[in-house]
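*Asks:* 3D model of this:
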Amino acid sequence: MMDCTAIAPEMSVFSLMFFLLLPVQVHMQTNPIFHAELPHSITALSGSCVQIPCTFDAPAIKLQYTEIIFGCWIKNHHAFLNPDSLVVLNGNDYYFRVEMNPVDWKYTYVKNPIYISVSDVPELPILTPTDLQEVKEETTVNLSCSAEAPCPKQPPTISWSNISESAHIKAQLQEKPDKTQSVFSYVTFKASYKDHKKNITCTATYPRNTPDASTVKSTVILRVLFSPKETHITIDPSDSVSAGTNVTLTCKSKASPNEMNYTWYKRGQKKELDFGEQLTFNVNRRSGGWYFCSAKNIHGMQISEGILLIVAVSPKETHITIDRSDSVSAGTNVTLTCRSKASPSNNLNYTWYKRGKEMPIAQEKKINFILNYSNTGLYFCRAQNKHGNQSSAEIQLTAEGQDGHSMTVIAGCVGGIAAVLMLSAIGFCTSRTRKKTHRETMLEKKIA
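*Replies:* Sure thing, here's the model as predicted:
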């Protein structure tokens, strides 16, 4: 039996050109019934080539005296001896024919036709397994993708999408039992919970003698079994609420299967708070603190990170502090600080006011300025959050003299003069009283 291979390059939509290749080695056959083995059918891609594998029998006695063996293909009773002149129309049977010289032996293998069709679109790649059974997390997944290679000189390339970055890929051109060839790509990776329900796709790209290559793809859905992952808590309406507000905590998690049991905990309490996906309650002053939840399915359990619930309080005990005494020299740098207690403490807004001015003078926790006569007076601040506000008591800011202690000195002088005058008045009154008493005494003596 002898091998023959036919190759056709550069097909258009309607035509396909063949090249016939004959091997050197020939297997002699003494059986008078001759047979050729080749595929029953083959589909070629327009704009590419096609290779037709075949083996055939020939008479042994003829081969002994044969110097030249020539093969050709016959369609509609026409033999094409020149390979370049063979034109293939879409959807026709072709027969292989052998001619030997100088023995002048010819034979057509009419019992072994091949049906050749031409397509503008390649066949879809075969992805196996076509329906992945559920696989457990961290187990190994093996997938294979095969694409027909009717033109082995221009085989398709296979690429994968939605597979793990650590996946191992191996590709090779393989011969099938009918001697045609396919490109096989094998991928191996460990299943992760992130792969669950992913559409894993293998794409076959066929080069063509046209501006654009042809691309076809097949997809399979991966189902992964895993314990709860990414467990976390959400709060509605927010993690900072005032007393009397209804709040709902929701435990969220990813798992497969997704039938899960949920348990709620609070830091500082030994027993579980409640069970179920949601925890709803009316907030009071003791509701604040860290909350946790756990999610559990048949493959395991996971506890969430804690979330802090803050019972919000409007500003209290709002007051002003000054970095110096409330009576300082003019020209001194002064800093006033507005202080208040609230919850949460980092969301307070501060506003400063001065008696006699309609508009606020500043909107920050501290104000700083050089003290002079124009900015002395009564100051107060207001602390505010979304739950309320409170104003501080007013603080009197006064200044000593512009040139040091002159105001104090002047005040001291005025005080000294007043003291002298007051002492003189007291002395005069005392003298008058003493004189009157002496006269009265003398009179009393005379009467006596």
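*Asks:* and the longest strand seen in the chain, how far out from the chain middle?
*Replies:* Counting by DSSP state E, the longest strand found in the chain is strand 307-322. Counting by C-alpha atoms, centre = their mean, to the nearest Å, strand 307-322 is centred 37 Å from the centre of its parent chain.
*Asks:* now that strand: buried residues?
*Replies:* Residues of strand 307-322 classed as buried: 309, 310, 311, 312, 313, 314, 315, 318, 319, 320 (neighbour count, 16 or more other C-beta atoms under 10 Å). Every C-beta, even on glycine, is put in place using the N, C-alpha and C of the backbone.
*Asks:* which of the residues you listed sits closest to residue 152?
*Replies:* residue 309 (68.2 Å; C-beta to C-beta).
*Asks:* bridging residues for the closest residue to residue 44 other than its chain neighbours?
*Replies:* In this structure, residue 44 finds its nearest non-sequential neighbour in residue 50, 3.7 Å apart by C-beta to C-beta, 6 or more residues apart in numbering. Counting by DSSP bridges, residue 50 forms beta bridges with residue 8.
*Asks:* same question, the one 4 residues further on
*Replies:* For residue 54, the beta-bridge partners are residue 4 (DSSP bridges).
*Asks:* that one: neighbour count?
*Replies:* Counted with other C-beta atoms under 10 Å, residues neighbouring residue 54 total 19.
*Asks:* now the strands for the stretch 251-400 of the chain?
*Replies:* For the stretch 251-400 of the chain, strands defined by DSSP state E, counting those that start in this stretch occupy the ranges 261-266, 274-275, 278-282, 289-297, 300-303, 307-322, 327-329, 333-343, 349-354, 366-370, 377-385, 388-391, 395-400.
*Asks:* so for residue 167, which of these sits nearest?
*Replies:* Residue 167 lies closest to strand 300-303 among those, at 24.8 Å (C-beta to C-beta).
*Asks:* okay, and for the stretch 101-250 of the chain, where does confidence drop off?
*Replies:* Applying pLDDT under 70 to the stretch 101-250 of the chain picks out no residues at all.
*Asks:* before we move on, back to that, which other helices and strands does the longest strand of the chain contact?
*Replies:* Applying 3 or more C-beta pairs under 8 Å, 6 or more residues apart in numbering; DSSP states H and E, we find strand 307-322 packed against strand 224-236, strand 240-242, strand 246-256, strand 289-297, strand 333-343, strand 377-385, strand 388-391, strand 395-400.
*Asks:* tell me the mean pLDDT for that strand?
*Replies:* Averaging pLDDT along strand 307-322 yields 93.
*Asks:* give me the angle between that strand and strand 366-370.
*Replies:* 20 degrees (axes from the mean of the first three to the mean of the last three C-alpha atoms, to 10 degrees).
*Asks:* sheet-wise, list the partners of strand 307-322 with their directions.
*Replies:* Using DSSP bridges, strand 307-322 pairs in its sheet with strand 240-242 (parallel), strand 289-297 (antiparallel), strand 333-343 (antiparallel).
*Asks:* looking at those strands, which one is packed in the most?
*Replies:* A comparison of the strands paired with strand 307-322 by mean neighbour count, using mean count of other C-beta atoms under 10 Å, puts strand 289-297 on top with a mean of 20.
*Asks:* tell me the domain boundaries of the protein?
*Replies:* Domain assignment for the chain by automatic domain parsing gives 2-119, 126-222, 227-305, 314-400.
*Asks:* ends of the second one, what's the gap?
*Replies:* By that I understand domain 126-222. One end of domain 126-222 to the other measures 16 Å (C-alpha to C-alpha, to the nearest Å).
*Asks:* could you do the shortest one as well?
*Replies:* Start and end residues of domain 227-305 are separated by 17 Å (C-alpha to C-alpha).
*Asks:* tell me the secondary structure of residue 132, please.
*Replies:* Under the three-state scheme (DSSP: H, G, I helix; E, B strand; the rest coil), residue 132 adopts coil.
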